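**Student:** kindly return the folded structure for what I paste below:
(one chain, ligands or ions: 1)
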Amino acid sequence: MIEVFFTEEQQARKKKYRALVAEHIIPRAREIDEKDRVPKDLLAKLTVEPFHLSALSIPKHLGGLGLCQVDAGIIAEELGYGFPALIPLMEIGQLYSNVLLIAGTEDQQKRFLGQLVAGKIGCYALTDEGPGSDPANMGSVARAEGDGFRLDGHKRLITFADLGDLFAVFANEAPEKGAKGVSAFIVEKGAPGLKLERHVPYLGLLGHRAYDIELDGVYVPRENRIGTQGEGLKIALSVLNRTRISLAWGYVGLARAALEAAVKFARERMIDGRPLAEQQSIRFALAELATQIDAARMLAYRASVMADKQLNHRMETSMAKLASGEALIKSVDLAFRIHAGYGGDKEYPVPVERYLRDAYSWISAQGTPEVQKLVIARELIR
Ligand SMILES: Cc1cc2nc3c(=O)[nH]c(=O)nc-3n(C[C@H](O)[C@H](O)[C@H](O)COP(=O)(O)OP(=O)(O)OC[C@H]3O[C@@H](n4cnc5c(N)ncnc54)[C@H](O)[C@@H]3O)c2cc1C
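**Tutor:** Numbering: from 1, shown residues only. The predicted structure is shown next:
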């Protein structure tokens, strides 16, 4: 029971978002999954009233909610529990905002964050055609031209690029310098040369739509570069170090839903005249999973508190993402196996097959489990 660590305000926030998810999202989850699209009326509720997902981390003086990492995590867990495909909307809001919060000037923050508060959508374009785990060697380039830059390259798996009004884009100004050449830019929707190449038809997290995009000589004025030349990768990694924490909370939310489904089925399924839940093998599996999920949530909580206290939390963040990802995969696997023949039935009232699709589709976002291990090991061994 994580609530024992929460303030009264945080307990109230958890209740509020749980109720909002139950009212606005869960009843529409199946429809969104089937159509792979978030209805416009729901999108408006998610970005502005009553969810405010785009503006959670934006400070109050810029019109946002100014939530701390624990508060954002509480919301992410409830969304993950209800329908994780909508978390990417929250995630890209945080990814995009943090680029500006970490490295933007006051003027850039006002110009580019104010729009999110008003309901516009900011995207985050780091992953390139090359390995996403190795952004130092990205192929996207930025050439100085006149009073700005021309961007060329291809970006992969850019969440909600079709809805994006603003894009935080990373490109290399000095490819010979590798990691030290990457810079961050804000590109506005409609910029000539910014093209949606392909909607990526995904296995799960449907409703969340990812696109490959092309940067075909996109012109960016100098005042849209965030930070200095070559500071981009440092910014990108600092951003991920914050946003991975909410992702960990989101994984815990979906794991909780899968565990609940497994417990319910095990209690109700009669085998040989006895509920399945009376089998010791099943009880042990459920007990181990519940322990693993709670441990992952505690790690996410610790990383959040450390981030909120502005302590170095790189290792703790990666531990939280790694542990919650493992708990998530274990939970959907167990739920699927306990449901046996019902597990794959798309019309079964509990969407166990969607849990499985969503979990596997989600696990690599913002750095694979192997990348988290690399971060942890680097912090341990340095
Ligand atoms: C749902 C979803 C949404 C996404 N949204 C966005 C978005 O909005 N913006 C964006 O920029 N990106 C986005 N991404 C991309 C994501 O960040 C990348 O998929 C991720 O970084 C992994 O990159 P990759 O897919 O190229 O895999 P690769 O980097 O090619 O990795 C392939 C395999 O190699 C392993 N590996 C890599 N390096 C090592 C190593 N040193 N040692 C051992 N193993 C290693 C990996 O763990 C993995 O198993 C999204 C991804 C998903 C799944």
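
**Student:** residue numbers of the chain in contact with the ligand?
**Tutor:** 92, 124-127, 131-133, 157-159, 205, 210, 361-362, 364-368, 370-371, 374 (CB under 6 Å from any ligand atom). C-beta here means a position set from N, CA and C on the backbone, and glycine is covered the same way.

**Student:** only whichever of those residues are buried, select them in ChimeraX.
**Tutor:** The buried subset of these, as determined by 16 or more other CB atoms under 10 Å, is captured in ChimeraX by this line:
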select :92,124,125,126,127,132,157,158,159,205,210,361,362,364,365,366,367,368,371
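
**Student:** out of the residues of the chain next to the ligand, which sit inside strands?
**Tutor:** 124-125, 157-159, 210 (DSSP state E).

**Student:** using the three-state scheme, assign Ser57.
**Tutor:** Under DSSP: H, G, I helix; E, B strand; the rest coil, Ser57 falls in the coil class.

**Student:** ok, it - contacts?
**Tutor:** Contacts for Ser57 (CB atoms under 8 Å, 6 or more residues apart in numbering) come out as 64-67, 72, 93-94, 97-98, 101, 242.

**Student:** of the residues you listed, keep whichever come out buried.
**Tutor:** Among the contacts of Ser57, the ones that count as buried by 16+ other CB under 10 Å are 64-65, 67, 72, 93-94, 97-98, 101, 242.

**Student:** so what's the residue of the chain found nearest the ligand up against?
**Tutor:** The chain approaches the ligand most closely through Gly132 (2.2 Å), counting by CB to the nearest ligand atom. By CB under 8 Å, 6+ apart, the contact list for Gly132 reads 126, 156-157, 364.

**Student:** please apply the same query to Pro192.
**Tutor:** Pro192 touches 217-219, counting by CB under 8 Å, 6+ apart.

**Student:** again, only this time at 10 Å
**Tutor:** 216-219 (CB atoms under 10 Å, 6 or more residues apart in numbering).

**Student:** distance of it from Met298?
**Tutor:** Distance, Pro192 to Met298, using CB to CB, to the nearest Å: 49 Å.

**Student:** rewinding a little: next up, phi/psi of the residue of the chain closest to the ligand, please.
**Tutor:** Phi and psi for Gly132, reported as degrees, to the nearest 10, are phi -60, psi -30.

**Student:** after the longest helix along the chain, next one along is what?
**Tutor:** Longest helix in the chain by number of residues, with DSSP state H as the criterion: helix 232-268. Using DSSP states H and E, the helix or strand that follows helix 232-268 in sequence is strand 270-271.

**Student:** could you tell me how far that next one lies from the centre of the chain?
**Tutor:** 39 Å (CA atoms, centre = their mean, to the nearest Å).

**Student:** mind giving me the packing neighbours of it?
**Tutor:** Under the contact definition 3 or more CB pairs under 10 Å, 6 or more residues apart in numbering; DSSP states H and E, strand 270-271 sits against no other helix or strand.

**Student:** in its sheet, what does the next helix or strand after that strand sit against?
**Tutor:** Remark: after strand 270-271, the chain's next helix or strand is strand 274-275, criterion DSSP H and E. Using DSSP bridges, the strands paired with strand 274-275 are strand 270-271 (antiparallel).

**Student:** low-scoring pLDDT stretches of this structure, where are they?
**Tutor:** Across the chain, nothing is flagged by pLDDT under 70.

**Student:** where exactly do the strands run in it?
**Tutor:** Using DSSP E, strands in the chain cover 122-125, 141-145, 148-159, 166-172, 182-188, 194-199, 210-221, 225-226, 270-271, 274-275.

**Student:** could you give the number of residues near the nearest residue to Asp294 once chain neighbours are set aside?
**Tutor:** By the measure of CB to CB, 6 or more residues apart in numbering, the closest residue to Asp294 outside its immediate chain neighbours is Ile2, 7.9 Å from it. When counting by other CB atoms under 10 Å, one arrives at 18 neighbours for Ile2.

**Student:** if I look at Ile2, how far off is Ala320?
**Tutor:** 13 Å.

**Student:** find the residues that touch each one of the two.
**Tutor:** 73, 249, 252, 297-298, 300-301.

**Student:** so how far is Met298 from Lys14?
**Tutor:** Distance, Lys14 to Met298, using CB to CB: 16 Å.

**Student:** and what of Ala142?
**Tutor:** Computed with CB to CB, the distance linking Ala142 and Met298 is 42 Å.

**Student:** between the two, which has more neighbouring residues?
**Tutor:** Ranked by neighbour count (other CB under 10 Å), Ala142 and Met298 place Ala142 first, with 29 against 15.

**Student:** that older thread, most neighbours among the contacts of Pro192, which one is it?
**Tutor:** Val218 (24 neighbours).

**Student:** tell me which residue is most central in this protein.
**Tutor:** Residue closest to the mean C-alpha point of the chain, counted by CA atoms, centre = their mean, is Glu91 at 4.0 Å.

**Student:** which non-adjacent residue is nearest it?
**Tutor:** Thr243 (6.1 Å).

**Student:** kindly report the same for Leu356.
**Tutor:** Val332 (4.6 Å).

**Student:** let me see the contact set for the nearest residue to Gly250 once chain neighbours are set aside.
**Tutor:** Excluding its sequence neighbours, the residue lying closest to Gly250 (CB to CB, 6+ apart) is Gly80, at 3.7 Å. Gly80 sits next to 21, 86-87, 90, 246-257, 324, 328, 358, 362 when contact means CB under 10 Å, 6+ apart.

**Student:** again, but for Leu89
**Tutor:** Contact analysis of Leu89 by CB under 10 Å, 6+ apart lists 38, 43, 46-47, 51, 53-54, 79, 121, 159-160, 163, 207-208.

**Student:** domain ranges for the protein?
**Tutor:** 2-117, 122-229, 234-381 (automatic domain parsing).

**Student:** now do the end-to-end distance for the last one.
**Tutor:** Using CA to CA, to the nearest Å, one end of domain 234-381 lies 20 Å from the other.

**Student:** got the phi/psi numbers for the residue lying farthest from the centre of the chain?
**Tutor:** Largest separation from the mean C-alpha position in the chain: Gly273, at 43.8 Å (CA atoms, centre = their mean). With angles defined as degrees, to the nearest 10, Gly273 sits at phi 80, psi 0.
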